[in-house]
Structure formats: C-alpha cells, structure tokens
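**Q** I need the structure of the sequence given here:
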Amino acid sequence: MGFFNMKLSGFFGLYKDHQTDAPSLLFSSINFARVSAPLCFNFLNMIKVHNTAFNKVMGEINIVPIFGSGFTSVFPITLIILCLFNIYDVYGKFLSYLGLKQFQFTENFTDDKIHEGKQLLYKGLFINFNNFLSNYIIFNIFLFFHIFHICLFFIEIFSYFMKRGSSGKDVS
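**A** Numbers count the residues shown, from 1 in each chain. Model (predicted):
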C-alpha cells in the first residue's frame, strides 16, 4: 500500500485538463502497450472465444511446455490470487508472524522520507536524461559523418563521370 500513498506530482502521472507532460504520456503509453496484448489474450481465454483475428495474428501460445497447455488459463488466476494477497496485506501479516517486521512496508511518511525519495527520483531522471542526451548527440554526430562520407562518395562518382564525358575516353 506504500506505493499508492506516495504524494508526488509530476512523476509519470496522468492529469486532467491537458496538464500531463510528454514524458508521463510516453511512460503511460509504453506501459499500456506492454500490457494490452496480454490483457486481450487473457480476456479472450476467460470468455472462451477462439478463432478471432487476434488469435490469428498472435497464434497459439504454447511457449511454456513444462507447465502444459493449461498454463494460459491457470496463470491469470494466480495473478488474481497475488493481487488479493496484496490487497489484504498477507505479505505483512506473514512477516509479522515470522518476526521479520523490518522487511515490512511502512505507512509512516515523514517529510524527510518524502524529500529523500524525491531527490532519488530526480537523480534517476537526471542520470537517464543525461545518458539519453549523450547517446543522442553521439548518434547524430555519427549520422552526420556517415552522410558526409556518402556525399563525398557521390561527388567522386559524379566527377569521374564528368571527366569521362568531357574527354570522351575512359579515365583510369
């Protein structure tokens, strides 16, 4: 429950009145694209609809032969059970039973912890942005020199044919 109690605005959130920034939209669209096909597949399996256009494109999923063909129908139920464990805090109760309370999620949010978390997020975003920026610059420099060499190659070919055409004989 700790993740849902975080009060951080501006970090990959979707906001009303067109207030969502571009990185948040990209983050949300990437994650939605990742889960849309599995959601459709599980939904079609649950309602037992076969021979759809989705099934023709995706094909039969038998990538886990160890678990058998029933894996695709049993695994979503396992996910539902894990979600229920999370909702009813079975993990925390189990850790309390074992006496390992130091590994439990805390619901005590102080301003210091929130500030420290924000600083860690800003640091991670800054590092990722700098890595992206440096890779982008290096790629563009490489692309520029590649295009420059291609242009030089075509200039050489053009000058070769111009010399050949003006002299009327083969230049070697």
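
**Q** By mean pLDDT, point me to the weakest helix or strand of this protein.
**A** In the chain, no helix or strand scores lower on mean pLDDT, DSSP states H and E than helix 111-167, which sits at a mean of 76.

**Q** Please report the distance of Tyr88 from Ala53.
**A** According to CB to CB, to the nearest Å, Tyr88 and Ala53 sit 39 Å apart. (Each C-beta comes from the backbone N, C-alpha and C, glycine too.)

**Q** Among the two, which residue is more densely surrounded?
**A** Counted by other CB atoms under 10 Å, Tyr88 and Ala53 do not tie: Tyr88 has more neighbours, with 10 against 7.

**Q** Need the residue closest to the centroid of the chain.
**A** Centroid-nearest residue in the chain, with CA atoms, centre = their mean: Ile30, separated by 5.2 Å.

**Q** Could you check which helix or strand contains that one?
**A** helix 22-46 (DSSP states H and E).

**Q** Following element in sequence after that helix, please.
**A** helix 53-58.

**Q** where's the very next helix or strand once past that following helix relative to the chain centroid, distance-wise?
**A** For helix 53-58, the following helix or strand on the C-terminal side (DSSP H and E) is helix 71-87. Centroid separation for helix 71-87 versus its chain: 23 Å, with CA atoms, centre = their mean, to the nearest Å.

**Q** what comes up buried for helix 71-87?
**A** Neighbour counts using 16 or more other CB atoms under 10 Å place 72, 76 of helix 71-87 among the buried residues.

**Q** Mind giving me the packing neighbours of it?
**A** The contact analysis (3 or more CB pairs under 8 Å, 6 or more residues apart in numbering; DSSP states H and E) places helix 71-87 against helix 22-46.

**Q** The helix it packs on - contacts with which helices or strands?
**A** Counting contacts by 3+ CB pairs under 8 Å, 6+ apart, helix 22-46 is packed against helix 53-58, helix 71-87.

**Q** Now do it, average pLDDT.
**A** Mean pLDDT, helix 22-46: 85.

**Q** Lovely, talk soon.
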